[in-house]
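Visitor: quick one: sequence and predicted model below, then my questions.
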Amino acid sequence: MKSIAICAVAVVLTATLFGQVPHHKMPPTMAPAATAATLMKLERDANRAMQEKGVDGWMAFVAENAVEGGEKPATGASAVRASMMEFVKGGKLSWAPTHTEVFKGATQGYAVGRWTFVSDDAKTPTQHGTYITIWQKQVDRSWKIIYDGGAPDPAGKK
């Protein structure tokens, strides 16, 4: 878990340096501060949007300058969308968060959890893995994904 937290911090710092809205320019909010429960709900809502509307539903939760990790990282909403479309082609992706945390200042946080990909082809085995999503509060006070990444489990693990 410590390595995930270190990775999350590195990603957030990199994203902040490359065009994310600086914390000092975020408008004050009168809404209650975000909590881990806020991110847990957002994760579940994003998964539900993926199940109901596919990648386009999930993209409503993705920031314009988001990054998707992996073997071929994608930067920007269009590239992230294309990458996700390729990943889910021929099957169905779902995920469930297992832990969320909001950083001090309540403008960024992360979620980690488990994902499952079920192929439309019955001969292809179901894949499982672990993911991390970094969320950032936007100028309009909504929360958007600024980083999404994951890794499949080693062969034989479920």
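Guide: Alright, I've got the coordinates.
Visitor: now do the strands in this structure.
Guide: With DSSP state E, the ranges of strands along the chain come out as 62-68, 74-75, 91-102, 108-119, 127-137, 143-152.
Visitor: and residue 119, how far is that from residue 84?
Guide: Look at residue 119 and residue 84: by CB to CB, to the nearest Å, they are 16 Å apart. (C-beta placed from N, C-alpha, C; glycine too.)
Visitor: who's more crowded, those two?
Guide: Neighbour comparison, residue 119 and residue 84: the larger count goes to residue 84, with 21 against 14 (by other CB atoms under 10 Å).
Visitor: distance of that one from residue 131?
Guide: For residue 84, the distance to residue 131 - CB to CB - is 12 Å.
Visitor: contact partners for the residue sitting nearest the centre point of the chain?
Guide: With distances taken as CA atoms, centre = their mean, the residue of the chain nearest its centroid is residue 133 (3.1 Å). By CB atoms under 8 Å, 6 or more residues apart in numbering, the contact set of residue 133 is 43, 110-112, 145, 147-149.
Visitor: need the longest helix for this protein.
Guide: For the chain, the longest helix by residue count, based on DSSP state H, is helix 36-53.
Visitor: pull the CA atoms of that helix into CSV?
Guide: Extracted in CSV, the C-alpha atoms of helix 36-53 (Å, rounded to 0.1, in the frame of the first residue of the first chain):
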residue,chain,number,x,y,z
ALA,A,36,-13.1,9.7,1.4
ALA,A,37,-16.9,9.0,1.1
THR,A,38,-17.1,11.6,-1.6
LEU,A,39,-14.5,9.8,-3.7
MET,A,40,-16.0,6.4,-3.0
LYS,A,41,-19.3,7.6,-4.3
LEU,A,42,-17.7,9.2,-7.4
GLU,A,43,-15.9,5.9,-8.2
ARG,A,44,-19.1,4.0,-7.9
ASP,A,45,-20.9,6.5,-10.0
ALA,A,46,-18.2,6.4,-12.7
ASN,A,47,-18.4,2.6,-12.8
ARG,A,48,-22.2,2.8,-13.1
ALA,A,49,-21.8,5.3,-16.0
MET,A,50,-19.5,2.9,-17.7
GLN,A,51,-21.9,0.0,-17.3
GLU,A,52,-24.9,2.0,-18.5
LYS,A,53,-23.4,4.2,-21.3
